[in-house]
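A.B. asks: predicted model and sequence below, questions to follow.
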Amino acid sequence: MIRAQGLTKTYDGKNAVNGIDFTVEPGRVTGFLGPNGAGKSTTMRMILGLDAPTKGSVTVNGHRYASSPAPLREVGALLEAHAVHPGRSARNHLRWLAASNGIPTTRVGEVLELVGLDSVAAQRAGRFSLGMGQRLGIAAALIGDPPVVMLDEPVNGLDPEGVRWVRSLARQLADDGKTVFVSSHLMSEMALMADHLIVIGRGTILADSPLQDFMAEHASAYVRVKAPRSTDVEALLVGRGLDVTRVDDELRVQGLDAPAIGELIGGHGLFLHELTLVRSSLEDAFMELTADSVEYHARTEVAA
Amino acid sequence: MTALAAPPTNASLGRTVRSEWVKLSSIRSTWWTALAMVVLGAGFTTIISGIAAGDIASGKSHDSPGEYITQGLIFSQISAVVIGALVVTSEYGTGMIRATLAATPVRSRVLAAKAIVVSGFLFVVGVVTAFLGYFGGNAFFRSERVGISLGDEHMLRSMFGAGLYMAGLGLLAGAIGLLVRHTAAAISIVLALVFIIGQVVQLIPGTVGEWVMKLMPGNAGPGIVVPVSFGDNMLSPWTGFAVFVGEIALLGLAGLALFQKRDA
């Protein structure tokens, strides 16, 4: 279990993390979601005692990370990939980690096999692809068989097979009762992986709820209607008290389900060209939620 | 999957030292640099001795073989500085420092382990270099019948002193590395300090210049390496080495203070 209380980090007078409170519970995958620069990595570094909080505190299993005599046995973390010496082999990278926490060397071979790097264990890590580097980082996180696993952007650089592997690994760890805390800036990825979501933007928690609740609350749905006599259709629907928005030649209707809308229009002798239920994706919900907290906006307008 | 034994309940410096040794010994550049230290050090000692032997034997030179028998170690200093700096700065260059501190959050223990491993390693390589240089160089002196012996005064101090000085140089470079956190900067600063600034300060007029020069690390430290000193205005061997150790300790403590305070 990870618990943050009033956790704050200030760089040059600017709050990177702004007094956040949250608890990461065991037995489920908790997604830590936010745009780049939202404070995810800073928070994770504070959990590991790498950065000192300006204010507040964060504990792992009830105590400060740094007070653990063998922290890799308690928390395994994948921080940025390639935090590895390029001249050292994968096996040796894991060997020094094992030695530092009194973990038997036999475990090195096991985690190499688990992440699928056993055939390249003797190769220098500098020759690894981004995806292999991520796998090595995950092996390092699991070396102490810790009850708490923290993965910062684990799917970065992985191929589709690797992405699926990380997903099922996170699931399996949670099912084993471990605390799994996974950060990402991709809502779509979190939707597939997480049971619980903590959304952060500009250093503040924007949402902290089960994934299902988050979807129900933030993802909206409407019925897209396309018809040749669209003004008549619009007038009809508005006349029934439905919420209608016109976007180009389509009507977005809320307040009635698709079959009922179809019957209503048909009953008035009007033709339909399209009738579709559209769910706005979680990605849209996330964008909406964090729209004000994104640090750098791209501008799409073109100079006249 | 092996069930891991119960985690250790007390943290130990021994585990951190073992871990740092795995790190140092699993990088090829460590061994190449150590090899360069031995080859350059012993090689140049042999060559320089070979050149001097004839003149000493013929009486053309009044130098003593002892002045030459550790000369090549001047070049070995570069390797010691490189290894010492890399032990610290390579972690910053690669971002590995975060993995290191996640594994061992007590920062003073990380530094202590690094210091033990790098100084131990450089001591051994330094002593090996000195002995090989002695055997190589003395072969020439012997053939000219001006050979020296390990039993001669200060000879053993010189052989083991070479190890101590190389270990100290590595620690000095590591301390500077901790302050600047950049490989090229750390190596340049220490090499400049030892090879250039240590000489340039002679230009400061009067006794001030004389003392500043004596106290520079690259001048105070190696007094214990040479069995027969070739200059008069140097501190005595062990006094010089004590000054050198004091300088390393000061820089090391400054580095430790920063290391404790900074975010990784």
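C.D. replies: Yes, it's here. Not measured: the values here are computed from a predicted model.
A.B. asks: spell out which parts of the stretch 101-250 of chain A neighbour chain B.
C.D. replies: A:101-104, A:106-107, A:110, A:140, A:144-145 (CB under 8 Å from any CB of the partner chain). Bear in mind the C-beta positions are built from the backbone N, C-alpha and C, glycine included.
A.B. asks: in TSV: those residues, plus secondary structure, distance to A:Asn15 and neighbour count.
C.D. replies: Output for those, formatted as TSV (DSSP: H, G, I helix; E, B strand; the rest coil; distance: CB to CB, whole Å; neighbours: other CB atoms under 10 Å in any protein chain shown):
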residue	secondary structure	distance to A:Asn15	neighbour count
A:Asn101	coil	34	25
A:Gly102	coil	38	21
A:Ile103	coil	37	27
A:Pro104	coil	43	12
A:Thr106	helix	45	10
A:Arg107	helix	40	21
A:Glu110	helix	42	17
A:Ala140	helix	31	26
A:Gly144	coil	33	25
A:Asp145	coil	36	19
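A.B. asks: out of the residues you listed, which one sits closest to A:Gly201?
C.D. replies: A:Ala140 (29.4 Å; CB to CB).
A.B. asks: my guess is the closest one contacts A:Leu94, does it?
C.D. replies: Yes - counting by CB atoms under 8 Å, A:Ala140 touches A:Leu94, with 6.3 Å between them.
A.B. asks: name the residues contacting each of the two.
C.D. replies: A:Val111 (CB atoms under 8 Å, 6 or more residues apart in numbering or on different chains).
A.B. asks: in the stretch 51-200 of chain A, which spans are strands?
C.D. replies: Along the stretch 51-200 of chain A, counting by DSSP state E, counting those that start in this stretch, strands occupy A:55-60, A:75-78, A:148-152, A:179-184, A:196-201.
A.B. asks: can you list those strands in CSV and add mean pLDDT?
C.D. replies: Converted to CSV, the strands of the stretch 51-200 of chain A look like this (pLDDT from 0 to 100):
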stretch, mean pLDDT
strand A:55-60, 96
strand A:75-78, 96
strand A:148-152, 96
strand A:179-184, 96
strand A:196-201, 94
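A.B. asks: JSON lines for those, including mean neighbour count?
C.D. replies: Output for the strands of the stretch 51-200 of chain A, formatted as JSON lines (neighbours: other CB atoms under 10 Å in any protein chain shown):
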{"stretch": "strand A:55-60", "mean neighbour count": "18"}
{"stretch": "strand A:75-78", "mean neighbour count": "26"}
{"stretch": "strand A:148-152", "mean neighbour count": "24"}
{"stretch": "strand A:179-184", "mean neighbour count": "25"}
{"stretch": "strand A:196-201", "mean neighbour count": "24"}
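A.B. asks: now for those, which one comes closest to A:Thr290?
C.D. replies: Once the strands of the stretch 51-200 of chain A are compared by CB to CB, strand A:196-201 is nearest, at 4.3 Å.
A.B. asks: give me the contact list for the closest one.
C.D. replies: A:20, A:22, A:24-25, A:28-35, A:38-40, A:43, A:190, A:205-211, A:214, A:286, A:289-290, A:292-294.
A.B. asks: now swap in stretch B:122-130 and tell me
C.D. replies: With CB under 8 Å, 6+ apart as the criterion, stretch B:122-130 contacts B:34, B:37-38, B:41-42, B:70, B:72-73, B:76, B:79-80, B:83-84, B:158-160, B:162-167, B:169-170, B:225.
A.B. asks: need the residues of the stretch 51-200 of chain B near chain A, please.
C.D. replies: B:90, B:94-96, B:98-106.
A.B. asks: among the contacts of stretch B:122-130, which ones are buried?
C.D. replies: Among the contacts of stretch B:122-130, the ones that count as buried by 16 or more other CB atoms under 10 Å in any protein chain shown are B:34, B:37-38, B:41-42, B:70, B:72-73, B:76, B:79-80, B:83-84, B:158-160, B:162-167, B:169-170, B:225.
A.B. asks: and B:Asn10, what pLDDT?
C.D. replies: Note on B:Asn10: pLDDT of 73.
A.B. asks: hmm, A:Ser68 and it touching each other?
C.D. replies: No - in this structure, B:Asn10 is not within contact of A:Ser68 by CB under 8 Å, at 11.0 Å.
A.B. asks: compare these two (neighbour count), which wins?
C.D. replies: A:Ser68 (19 against 6; other CB atoms under 10 Å in any protein chain shown).
A.B. asks: phi, psi of the more buried one?
C.D. replies: phi -80, psi 130 (degrees, to the nearest 10).
A.B. asks: now it: how far from A:Gly49?
C.D. replies: 9 Å (CB to CB, to the nearest Å).
A.B. asks: likewise B:Val82?
C.D. replies: From B:Val82 to A:Gly49 the distance is 31 Å (CB to CB).
A.B. asks: OK, contacts around B:Leu258?
C.D. replies: B:178-179.
A.B. asks: so the residue of chain A positioned farthest from its centre is in which element?
C.D. replies: For chain A, the residue at maximal distance from the C-alpha centroid (CA atoms, centre = their mean) is A:Gly269, at 48.1 Å. Using DSSP states H and E, A:Gly269 sits in no helix or strand.
A.B. asks: phi first, then psi, for it.
C.D. replies: phi 70, psi 20.
A.B. asks: list the residues that contact it.
C.D. replies: Counting by CB under 8 Å, 6+ apart, there are no residues that A:Gly269 touches.
A.B. asks: per-residue pLDDT, it?
C.D. replies: 90.
A.B. asks: so what's the residue in the stretch 101-250 of chain A positioned nearest to chain B closest to, chain neighbours aside?
C.D. replies: Here the residue of the stretch 101-250 of chain A nearest chain B is A:Gly102; by CB to the nearest CB that distance is 4.7 Å. Using CB to CB, 6 or more residues apart in numbering or on different chains and skipping residues adjacent in sequence, the residue nearest A:Gly102 is B:Pro8, 4.7 Å away.
A.B. asks: tell me how many other residues surround the one you found.
C.D. replies: 14.
A.B. asks: element containing it, please.
C.D. replies: Once you assign secondary structure using DSSP H and E, B:Pro8 falls outside every helix and strand.
A.B. asks: which helix runs longest in chain B?
C.D. replies: helix B:107-143 (DSSP state H).
A.B. asks: pull out the buried residues from that helix.
C.D. replies: B:107, B:109-123, B:125-134, B:136-138, B:140-141.
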